[in-house]
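A.B. asks: For reference, the sequence and a predicted model appear below.
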Amino acid sequence: MSTFIVAEIGINHNGDMKLAKKLIDTAVVAGCDAVKFQKRTVDKVYTKEYLDGPRKSPWGETQRAQKEGLEFGKKEYDEIDWYCKEKGIAWYASAWDIDSQKFLQQYDCKYNKVASAMLTNIELLEEIANEGKYTFIATGMSTLEEIDQAVEIFEKHNCSFELMHCNSTYPMPLEDANLKLIKVLADIYKCKVGYSGHEEGTLVSTCAVAAGATSIERHITLDRNMYGSDQKASIEPYELCRLVKDIRETEKIMGTGEKILTAAEEEVKKKLRG
């Protein structure tokens, strides 16, 4: 089975549509199956006190200026929708509030995504599950009890889902990957389990496929030195291309699990066993 590979653009577009298109192009060239964005209603996700707080950014001196500078609206998402159709790649987004999820419903996206931070937002989960679209559910920062609650909601709505093992540190230390949890989650919840990574490099994500991950999601950037909180935990274009190649080769390497003598082996057998 082919691993579903997602290039998480998130907010790494820095509010620039030209940059967003370059990141989409990067995902297409690399051979990804989809690109993903993030959508927030700034005043719903953050408190006024937080938004009024200081933060220097290319857009101003406050948290509000920074958060609003990173948000795309209808005009930009219309263009993303058109551009991805032109390029032949799927797109979807993780919503961080109810209004953002309702905003995304105007587009014919095949998938939904629950971000790790939203796993315990019951009202949002109900809204997403009620749509009935195949949903990727990230499990970073979550206990098994919290995952239980989320899974129950999607099962109640008969909404197909896939869990994504995740460690929500940016970047994640390699020793915290805990990839054996992929099989544990699959056994507990009897569902597909992918991997959403925030580590540096591509080794862990490739190993995740060998550990049974059915999907891989990685943040991508054109340059890790660009402005942005997610840039350091992202992979650059050459790394994304290598990751997709390594994943496809890993799928071949893992094989079927059947004990089969290949034609080449049969020839060696004749020579060595007579």
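C.D. replies: Nice, I can see it.

A.B. asks: With adjacent residues omitted, what lies nearest to S2?
C.D. replies: In this structure, S2 finds its nearest non-sequential neighbour in E251, 6.8 Å apart by Cβ to Cβ, 6 or more residues apart in numbering. (Glycine included, C-beta is placed from N, CA and C.)

A.B. asks: Now the element after the host helix or strand of that neighbour, going C-ward?
C.D. replies: Here E251 sits within helix 237-254, counting by DSSP states H and E. Once helix 237-254 ends, the next helix or strand along the chain (criterion: DSSP H and E) is helix 263-273.

A.B. asks: what sits up against that next one?
C.D. replies: L261 (Cβ atoms under 8 Å, 6 or more residues apart in numbering).

A.B. asks: ok, now which ones touch the closest residue to S168 other than its chain neighbours?
C.D. replies: Counting by Cβ to Cβ, 6+ apart, S168 lies nearest to G140, which is 3.3 Å off, once chain neighbours are set aside. Residues near G140 by Cβ under 8 Å, 6+ apart: S116, C166, N167, S168, S196.

A.B. asks: Tell me the most packed of those, by neighbour count.
C.D. replies: S196 (29 neighbours; other Cβ atoms under 10 Å).

A.B. asks: Just read off the phi/psi values of that one.
C.D. replies: Dihedral angles of S196 (phi, psi; degrees, to the nearest 10) stand at phi -110, psi 110.

A.B. asks: What's opposite it in the beta bridge?
C.D. replies: For S196, the residues forming beta bridges with it (DSSP bridges) are C166, E217.

A.B. asks: Contacts for the helix or strand hosting I182 next, please.
C.D. replies: Assigned by DSSP H and E, I182 belongs to helix 181-189. By Cβ under 8 Å, 6+ apart, the residues outside helix 181-189 that reach it are 139, 144, 147, 151, 163, 165, 192-193, 195, 208, 211-213.

A.B. asks: ditto for stretch 224-231
C.D. replies: Applying Cβ under 8 Å, 6+ apart, the external contacts of stretch 224-231 come out as 10-12, 14, 57-58, 170, 219, 221, 223, 232, 234, 236.

A.B. asks: picking that back up, tell me the mean pLDDT for the helix holding I182?
C.D. replies: Mean pLDDT, computed over helix 181-189, is 98.

A.B. asks: Now the buried members of the contacts of stretch 224-231.
C.D. replies: Burial by neighbour count, 16 or more other Cβ atoms under 10 Å: within those this picks out G10, I11, N12, N14, S57, H219, T221, S234.

A.B. asks: I'd like those residues as CSV, with pLDDT appended.
C.D. replies: Below are the buried ones among the contacts of stretch 224-231 laid out as CSV (pLDDT from 0 to 100):
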residue, pLDDT
G10, 94
I11, 94
N12, 94
N14, 94
S57, 93
H219, 96
T221, 96
S234, 94
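
A.B. asks: I'd like those residues written out as TSV, with secondary structure and distance to K74 added.
C.D. replies: Formatted as TSV, these follow (DSSP: H, G, I helix; E, B strand; the rest coil; distance: Cβ to Cβ, whole Å):
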residue	secondary structure	distance to K74
G10	strand	19
I11	coil	17
N12	coil	21
N14	coil	19
S57	strand	23
H219	strand	24
T221	coil	25
S234	coil	26
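
A.B. asks: Considering these, which is situated nearest to W91?
C.D. replies: Nearest to W91 among these is G10, at 12.1 Å by Cβ to Cβ.

A.B. asks: Check the gap between that closest one and T26 for me.
C.D. replies: G10 is 14 Å from T26, where distance means Cβ to Cβ, to the nearest Å.

A.B. asks: do the same with Y46
C.D. replies: Distance, Y46 to T26, using Cβ to Cβ: 30 Å.

A.B. asks: neighbour-wise, which of these two wins?
C.D. replies: For Y46 versus T26, neighbours defined as other Cβ under 10 Å are more numerous around T26 (21 against 18).

A.B. asks: which ones are touching T135?
C.D. replies: Listed by Cβ under 8 Å, 6+ apart, the contact partners of T135 are Y111, N112, K113, V114, I128, A129, F154, C159, S160, F161, E162.

A.B. asks: rerun that using 6 Å as the cut-off
C.D. replies: By Cβ atoms under 6 Å, 6 or more residues apart in numbering, the contact set of T135 is N112, F161.

A.B. asks: residues contacting the residue nearest the centre of the chain?
C.D. replies: Taking Cα atoms, centre = their mean, the centroid of the chain lies closest to E217, which sits 3.5 Å from it. The neighbourhood of E217, defined by Cβ under 6 Å, 6+ apart, consists of V6, E8, S196.
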